[in-house]
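Peer 1: Make a model of this:
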Amino acid sequence: MTDGGRAMVRKYITENGVLRASQETAPGIWINLVSPTLEECDAVAREFHIDLADVRAALDDEESSRVDVNDEYSLILFDIPSIEYRHEREAYTTIPLGLILAGDVFISVCGEDTPVLRGFEENAVRDFSTKKQMRFMYQIFLKSCMLYQAYLHIVDRKRKEIEEHIGHDTEDVELIDLHELESNLVYFDTSLRANKVVLERLVRYNRIKKYPEDQELLEDVVVENQQAIEMTQIYRDIIKGTRELLSAVMDNRLNTAMKYLASITIVMAIPTIISGIYGMNVDEEWMPLSGTPFGFGIICLIMLAICLLAIWILRRRKML
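Peer 2: Predicted coordinates:
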């Protein structure tokens, strides 16, 4: 049960405050399934009498967040942030994470190796024990909320970098980047609001055993999730304004270029019109200055004077 040397079904248990890997199933164990195969899911489902569809629920990216409680086990499914590559750019999305409480066994299922659980595997989380299932679950929720906020700060930093270029070397690609950032926030907002419903159900459900010492941690999770929702909404509004500003700057730049080209066309039309008149097949005695010495030079000076006058008028009207 490995993938490139990395186990897909990993078992851990906390003993004397230290997390260690385990090969056997014992009370208080944590079983972490990372992108498991159908056979691995089926083995876990049979061993702990869990519906196979519930074990594999977190492997479906379209699965909605929910809480299912029955007599044998409880399933908590919620979305966590993840990094992916879209259009050759690093982007953010959300993926489901399933937590199953089957008696005294804690099972987590995810389609990829996520930083949300990596900190627990590396024993880098304070007051963490696989034997305290509800506290463990709340800590995973809290870690997810903090990761959401960390990614949101990165999104906002990228938005600020784009803002710094506005008015200088703004390009179409920056509009695309802003659209990508806004898409990331749409995923976050949808998932965070669904997670909020899950948290409300955890608070309300009496069939899920709660412990007074974990109540403060649960309240922290609710607060952090709400803060992530508010941050997402604020950043969405800011990015929307930035995108509109960027579009306005690019439109104004285009209008300026068109106005400049129109002014140049007007100025260039003056000598064209005059030379066109003198090029008509008309008796030369009717053409002004046709018999005057240096007539050609005088006409050129007149054209130059009219062009300069046109340029002065256009500049007064801020057309140039």
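Peer 1: Which pLDDT value goes with Leu52?
Peer 2: Listed pLDDT for Leu52 reads 93.
Peer 1: On the three-state scheme, the closest residue to it other than its chain neighbours is what?
Peer 2: Leaving out its chain neighbours, the residue that sits closest to Leu52 by CB to CB, 6 or more residues apart in numbering is Ala45, at 4.4 Å. To be clear about C-beta, it is placed using only N, CA and C from the backbone, and glycine gets the same treatment. State at Ala45, reduced to three classes by DSSP: H, G, I helix; E, B strand; the rest coil: helix.
Peer 1: Could I get the pLDDT score of Ala45?
Peer 2: Looking at Ala45, the pLDDT reads 93.
Peer 1: do you know how far it is from Asp61?
Peer 2: Going from Ala45 to Asp61 by CB to CB, to the nearest Å gives 20 Å.
Peer 1: do the same with Leu175
Peer 2: Counting by CB to CB, the gap from Leu175 to Asp61 is 27 Å.
Peer 1: Please identify which of these two sits among more neighbours.
Peer 2: Between Leu175 and Asp61, counted using other CB atoms under 10 Å, Leu175 has the larger neighbour count: 16 against 12.
Peer 1: Gly291 versus the more buried one, what's the distance?
Peer 2: Leu175 is 62 Å from Gly291, by CB to CB.
Peer 1: likewise Thr114?
Peer 2: Counting by CB to CB, the gap from Thr114 to Gly291 is 93 Å.
Peer 1: Tell me which of the two has more neighbours.
Peer 2: Thr114 (21 against 9).
Peer 1: Tell me who's in contact with the more buried one.
Peer 2: By CB atoms under 8 Å, 6 or more residues apart in numbering, the contact list for Thr114 reads Ile80, Ser82, Ile95, Leu97.
Peer 1: before we move on, what about Ser191?
Peer 2: Ser191 neighbours (CB under 8 Å, 6+ apart): Ser65, Phe78, Asp79, Pro81, Thr94.
Peer 1: element containing the residue nearest the centre of the chain, please.
Peer 2: The structure's the chain has its C-alpha centroid closest to Asn184; by CA atoms, centre = their mean the separation is 2.1 Å. Per DSSP states H and E: Asn184 is located in helix 172-204.
Peer 1: Sort out for me which of the contacts of Ser191 are in helices.
Peer 2: Cross-referencing those against helices under DSSP state H gives no overlap.
Peer 1: Now the two most distant members of those residues.
Peer 2: For the contacts of Ser191, the farthest-apart pair by CB to CB is Ser65 and Pro81; their separation is 13.5 Å.
Peer 1: Mind checking which of these two has more residues around it?
Peer 2: Pro81 (25 against 22).
Peer 1: Is it correct that Ser82 is in contact with Thr94?
Peer 2: Yes: here Ser82 reaches Thr94: they are 6.4 Å apart, a contact under CB atoms under 8 Å.
Peer 1: any chance you could map the helices in the stretch 51-200 of the chain?
Peer 2: Using DSSP state H, counting those that start in this stretch, the helices found in the stretch 51-200 of the chain span residues 52-55, 115-121, 133-165, 172-204.
Peer 1: Of those helices, which is nearest Gly297?
Peer 2: helix 172-204 (49.0 Å).
Peer 1: could you check the angle helix 133-165 makes with that closest one?
Peer 2: 160 degrees (axes from the mean of the first three to the mean of the last three CA atoms, to 10 degrees).
Peer 1: Check the secondary structure at Ile264 for me.
Peer 2: Applying three-state DSSP: Ile264 is helix.
Peer 1: Give me the angle between the host helix or strand of Glu230 and helix 133-165.
Peer 2: Glu230 is part of helix 215-278, with elements assigned from DSSP H and E. Put simply, helix 215-278 runs at 20 degrees to helix 133-165, going by the same axes, to 10 degrees.
Peer 1: can you tell me which residues contact the residue nearest to the centre of the chain?
Peer 2: Ala91, Tyr92, Thr93, Tyr151, Val155.
Peer 1: next one: Glu88
Peer 2: Applying CB under 8 Å, 6+ apart, we find Glu88 in contact with no residue.
Peer 1: Show the pLDDT at it.
Peer 2: Confidence score, pLDDT, at Glu88: 73.
Peer 1: how about the contacts of Asn184 in TSV, adding neighbour count, pLDDT and distance to Asp51?
Peer 2: Below are the contacts of Asn184 laid out as TSV (neighbours: other CB atoms under 10 Å; pLDDT from 0 to 100; distance: CB to CB, whole Å):
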residue	neighbour count	pLDDT	distance to Asp51
Ala91	16	87	33
Tyr92	21	90	31
Thr93	16	91	27
Tyr151	18	94	32
Val155	22	92	37
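Peer 1: re earlier: centre of the chain to the helix holding Asn184, how far?
Peer 2: Helix 172-204 has its C-alpha centroid displaced from the chain centroid by 8 Å (CA atoms, centre = their mean, to the nearest Å).
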